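> make a model of this:
(one chain, ligands or ions: 1)
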Amino acid sequence: MASKNSVNIIKQNIEEKLSRYFGVVPADATQDQLYKAVSMTVVDMLLEQKRQFNAKMKEQNLKRVYYLCMEFLVGRSLKTNLYNLGLVEDYRSVLNEYNVDLNELYEMEPDAGLGNGGLGRLAACFMDSLAALNYPAMGFSLRYEYGLFKQKIVDGWQTEMPDVWLPGGEVWLTPRSDRVLKVRFGGWISQREENGHLVTDYHDDTVIEAMPYDLLISGGGSKIVSTLRLWKARSVNTFDMKSFSQGDYTKAMEKNNDAEVITKVLYPSDDHTQGKTLRLKQQYFLVSASIQNIINDHLKRFKDIRTLPEKAAIHINDTHPALCVPELMRILMDDLYLGWDEAWDIVTRTVAYTNHTVMAEALETWNEDLLHRILPRIYQIILEINRRFMADVWNLYPGQWERINKLSLIGDNHVRMANLSVHASHTVNGVSALHSDIIKRSIFKEFHTLTPEKFTNVTNGIAHRRWLHQSNPRLSALLDETIGHGWYSDASDLKKFRVYENDEKVLNELAEIKYQNKVDFANRLYKKQGVLIDPKTRFDVQVKRLHAYKRQLLNVLKIINLYNILVENPNADITPQTYIFGAKAAPGYYHAKEVIELINYIAKDISMHPEIKAKLNVAFIEDYCVSTAECLMPASEISEQISLAGKEASGTGNMKFMINGAVTFGTMDGANVEICDSVGNDNIFIFGMSTKEVDDLWARGYNSTYYYNNSMELRKIIDRLKKGFAGKSFENIATYLLTSGGIADQYMCLADYENYFEVYKQMDKVYKNKLQFQKMSLVNISEAGRFAADRSIEDYARDIWHLKKLK
Ligand code: 26W
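Residues are numbered from 1 along each chain as shown. Presented below is the predicted three-dimensional model:
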């Protein structure tokens, strides 16, 4: 219910913004102006909360976590903030007076797509929980002018368009020109002694300004906000007046452009490091500005740098910000005159690291020459960290070259960022129980032997207020009715819902909610893409980045089999079902783009065959993003989580599906293992090889043709790939699946295919029994509390950051 008092104030605020910034009254305002004016009033409230937060921080002197991450996939802010502030109804009623629909204003906002996928969305979910749980926190990242590219499908093929988000998104950013910092690149250094200190002089270096923009993130029900500080690069001397007066306008702007390019665009790859200079500059720019900011804050609050570990936890989210280690050393030694040992002690008590992937090609390394050239002092410090480390290790393991080499921070002329991160961190964690176990046995085996106490697990989690309360109002209302509203602040309360698992009325209501959500999603898809899907069919969904290890192809093989069955016999008994895909491929990842093309061509082929389409439909969502996910998760029934076991660190999509009542169809990989443990074998569909079986098979040698020769079904599927869809052959993909050695399918789709289809048939049978399936759905919702980001954050706060809550 809207309160009259609050409504009047809101109205007054909006009208003031409209008048001040756009010179209009509500009746004459465009939707865009209204969206911006409304957003500005919300930002004002957040700023007020931030002021209160700062005052409390001053009083209580608490430790704060600084979360460093190259990506924060925030999505939209208006809706979330109105929900979190509890002001949805008040704003809705004000806007109604102007004859404007609040939902339409939500749609005016572009997604802040400052991330690629799981890693970035996790960081955003964590900011939300940190605020909701009253933990003092600040995130640091870059203010990319262009976020993750917009995906446009042209004749089935992915093309990329720039993501211009600032015109609509900037209203959420508060510029902080009072906190500008400087970052140095390039040149060369010389060193001398002065008053017993080593002084480093920089020559011919380039100084770039780091201008902060704050994005304030509210947490549901709490009175505090987290600040996400985004750095923008800009030139110190923005303008070359001499060139300008000589008429050379391009040259006059050159320096400006060179500097600004650093924060122009987010790197669109989440699986490959290419060792690009610009990416190194981005990483150091983030790290240097953020560490200076942290130290300035600390000295202002506590005067003594030696207390840093008690008052600041610095988190390295994946290795991308790992240069914060040498940067912190640099500032402690060069600017604050600490000795090496004291500085190193501070660093190693302050820094912790989360690993998010075991994929070899994603483990970052930087060429030594490049580092030397771009960051001479930082490179020198890394060499010294490694020299000392290697000396210690040599004492421990004299002569054991292989082991020592594995621990070294440098090898093959490259600095290994993961090794640097582990060595400098007091705690290292993986993101699911399985993954945390795997890193101890594989990539960090030698480190684990050396310092086993460093390693721990924190299973990922999702912002359940965004992904359930806000995204699925129908289900939220049913939960409120049955178990009360406690789940909103304490997700473990969802367990109470389980007492309804045999309650037919509730199960039927669940089915009806799902159906309505499917209708909503189908409408949205039609509106956006002109694609028709039937909400009466089963929605079987796989949405995530496109990567061979995630095995969208395996799903496609199953679909082709169903297609073949229907071509042979249009009357075959097949449950009407719609496969929904959403995925972006890294722009240079050709194979991934081919898979996208294949999916689109199958969809096209099916659309030309109405008799098939009635039972088997395929839809590809163009430009899958956070906002689309918010509408899709509540509408999904089957959640495909079918990565090759051992490859998906955790997955977080799996959790978003689960909390919205979709049933997981997946392998024993990442957090699926814990989902399975929570819901029990009867409420999940598990198939495929275990990690051990995967390792064994790979060691024995994966012979793809064996599966081909031994299965008529697979032969027909592969033959169909060659024959093609809608007139286009996919010979390449057939070859990829069949070749052993060289470009062979390392993710062994064919080895898991048979069991995948077996379990598909079991799933299909269960689905036909409506109540049984709804019961599974209910159990999934009830057990999802364990996968709330609130739980993850409590784990981090207790075990890694040692934080206390603000009172
Ligand atoms: C430099 C290229 C690059 C960029 C991003 C390499 C690796 C990454 C990320 C670490 C990839 C990523 O997003 N990993 C995902 O992290 C999620 C959050 O922990 C997990 O749920 C996913 O399983 C994992 O793939």
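
> which bits of the chain sit near the ligand?
Listed as neighbours of the ligand in the chain under the rule C-beta under 6 Å from any ligand atom: 116-119, 122, 269-273, 318, 356-357, 362, 364, 431, 460, 648-652, 670. Quick note: C-beta positions are derived from backbone N, CA and C, even for glycine.

> and those residues, which are buried?
Burial by neighbour count, 16 or more other C-beta atoms under 10 Å: within the residues of the chain next to the ligand this picks out 116-119, 122, 269-271, 273, 318, 356-357, 362, 364, 431, 460, 648-652, 670.

> could you look up the SS state of Phe497?
Here Phe497 takes the helix state, with states given by DSSP: H, G, I helix; E, B strand; the rest coil.

> can you give me the helices in the stretch 701-807 of the chain?
704-710, 712-723, 731-738, 749-768, 770-782, 789-795 (DSSP state H, counting those that start in this stretch).

> ok, now the stretch 301-450 of the chain?
Assigned by DSSP H, counting those that start in this stretch, the helices in the stretch 301-450 of the chain fall at 308-311, 324-330, 340-350, 368-374, 376-396, 401-407, 417-424, 433-441, 445-450.

> can I get the ones you listed in TSV with mean neighbour count, mean pLDDT and distance to Ile14?
Formatted as TSV, these follow (neighbours: other C-beta atoms under 10 Å; pLDDT from 0 to 100; distance: least, C-beta to C-beta, whole Å):
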stretch	mean neighbour count	mean pLDDT	distance to Ile14
helix 308-311	18	98	40
helix 324-330	26	98	41
helix 340-350	17	98	44
helix 368-374	16	97	48
helix 376-396	17	98	48
helix 401-407	15	97	59
helix 417-424	25	98	47
helix 433-441	20	98	47
helix 445-450	17	98	55
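
> out of those helices, which is closest to Phe239?
Of all those, helix 368-374 sits nearest to Phe239, with 24.8 Å by C-beta to C-beta.

> where along the stretch 51-200 of the chain do the helices fall?
Ranges of helices in the stretch 51-200 of the chain, per DSSP H, counting those that start in this stretch, are 78-85, 88-97, 102-108, 118-132, 166-169.

> out of those, flag the one nearest Lys406.
With C-beta to C-beta, the closest approach to Lys406 among the helices of the stretch 51-200 of the chain belongs to helix 118-132: 25.0 Å.

> check which helices and strands the closest one sits against.
For helix 118-132, the elements it packs on are strand 64-68, strand 72-75, strand 137-142, strand 206-218, strand 225-235, helix 789-795, judged by 3 or more C-beta pairs under 8 Å, 6 or more residues apart in numbering; DSSP states H and E.

> now that helix: buried residues?
Residues of helix 118-132 classed as buried: 118-132 (neighbour count, 16+ other C-beta under 10 Å).

> closest one of those to Arg403?
For those, the nearest to Arg403 is Leu119 (30.1 Å; C-beta to C-beta).

> residues of stretch 672-686 that come out buried?
672-676, 678-679, 683-686.

> actually stretch 234-253, not the one I typed
For stretch 234-253, the neighbour count (16+ other C-beta under 10 Å) marks 234-235, 240, 243, 252-253 as buried.

> and those, which two are furthest apart?
Greatest spatial distance among the buried residues of stretch 234-253 (C-beta to C-beta): Arg234 and Ser243, at 18.2 Å.

> distance of Tyr590 relative to the ligand?
Applying C-beta to the nearest ligand atom, to the nearest Å, the value for Tyr590 to the ligand is 17 Å.

> what do you get for Val94?
38 Å.

> leaving out sequence neighbours, find the closest residue to Leu332.
Distances taken as C-beta to C-beta, 6 or more residues apart in numbering put Ala343 closest to Leu332, at 3.8 Å, once the chain neighbours are dropped.

> now do the contacts for Lys692.
By C-beta atoms under 8 Å, 6 or more residues apart in numbering, Lys692 lies in contact with nothing.

> just confirm Thr456 is within a strand.
Yes: looking at Thr456 with three-state DSSP, it is inside a strand.

> against the ligand, how distant is it?
Distance, Thr456 to the ligand, using C-beta to the nearest ligand atom: 15 Å.

> just checking, that residue touches Ser436?
Yes: the criterion here is C-beta atoms under 8 Å, and Thr456 meets it with Ser436 at 6.9 Å.

> find residues that contact each of those two.
In terms of C-beta under 8 Å, 6+ apart, Thr456 and Ser436 are both contacted by the residues Asn429.

> that older thread, need the helices of the stretch 51-200 of the chain in TSV with mean pLDDT and distance to Thr427, can you?
What follows is the helices of the stretch 51-200 of the chain, written out as TSV (pLDDT from 0 to 100; distance: least, C-beta to C-beta, whole Å):
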stretch	mean pLDDT	distance to Thr427
helix 78-85	96	30
helix 88-97	96	39
helix 102-108	97	39
helix 118-132	97	16
helix 166-169	98	34
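
> measure the residue nearest to Leu332 to Asn96 for me?
Distance of Ala343 to Asn96, given as C-beta to C-beta, to the nearest Å: 59 Å.

> below-threshold pLDDT in this protein: ranges please.
With pLDDT under 70 as the threshold, the chain has low-confidence stretches at 1-2, 238, 740-743.

> out of the helices and strands packed on helix 118-132, which gets nearest to Asn502?
Of all the helices and strands packed on helix 118-132, it is helix 789-795 that lies closest to Asn502, at 27.4 Å by C-beta to C-beta.

> other SSEs contacting the closest one?
Helices and strands touching helix 789-795, by 3+ C-beta pairs under 8 Å, 6+ apart, are helix 118-132.

> could you rerun that using 10 Å?
When contacts are defined as 3 or more C-beta pairs under 10 Å, 6 or more residues apart in numbering; DSSP states H and E, helix 789-795 packs onto helix 118-132, helix 464.

> wait, which of these is closest to Met161?
Taking those one by one with C-beta to C-beta, helix 118-132 is closest: 19.3 Å.

> ok, Arg545 touching Phe581?
No: contact criterion C-beta atoms under 10 Å: Arg545 and Phe581 do not qualify, at 11.7 Å.

> do I have it right that Gln282 meets Ile208?
No: contact criterion C-beta under 10 Å: Gln282 and Ile208 do not qualify, at 11.4 Å.

> list residues touching both of these two?
Residues touching both Gln282 and Ile208 (C-beta atoms under 10 Å, 6 or more residues apart in numbering) are 233, 262-263.

> would you mind giving those residues as a markdown table with distance to Asp412 and neighbour count added?
Output for those, formatted as a markdown table (distance: C-beta to C-beta, whole Å; neighbours: other C-beta atoms under 10 Å):
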| residue | distance to Asp412 | neighbour count |
| --- | --- | --- |
| Ala233 | 31 | 24 |
| Ile262 | 27 | 24 |
| Thr263 | 30 | 25 |
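
> and which of these is nearest Lys4?
The nearest member of those to Lys4, counting by C-beta to C-beta, is Thr263 at 44.9 Å.

> please name the nearest non-neighbouring residue to that closest one.
Leaving aside its sequence neighbours, Thr263 sits nearest to Ala233 (C-beta to C-beta, 6+ apart; 4.5 Å).

> is that neighbour in a bridge, and if so with what?
Taking DSSP bridges as the rule, Ala233 bridges to Ala210.

> ok, now which ones touch it?
Ala233 is in contact with 142-143, 145, 183, 208-211, 258-264, 281-282, 285-286, 289, counting by C-beta under 10 Å, 6+ apart.

> what does Phe149 give?
Residues in contact with Phe149 (C-beta under 10 Å, 6+ apart) are 113, 158-163, 265-266, 268, 584, 586-587, 623.

> bridged to the nearest residue to it once chain neighbours are set aside, which residues?
Counting by C-beta to C-beta, 6+ apart, Phe149 lies nearest to Glu160, which is 3.9 Å off, once chain neighbours are set aside. With DSSP bridges as the criterion, Glu160 is bridged to Gln151.

> and the gap between Glu160 and Val543?
Counting by C-beta to C-beta - Glu160 and Val543 are separated by 18 Å.

> got it, and Arg498?
Distance, Arg498 to Val543, by C-beta to C-beta: 27 Å.

> for Glu97, same thing?
Taken as C-beta to C-beta, the span from Glu97 to Val543 is 38 Å.
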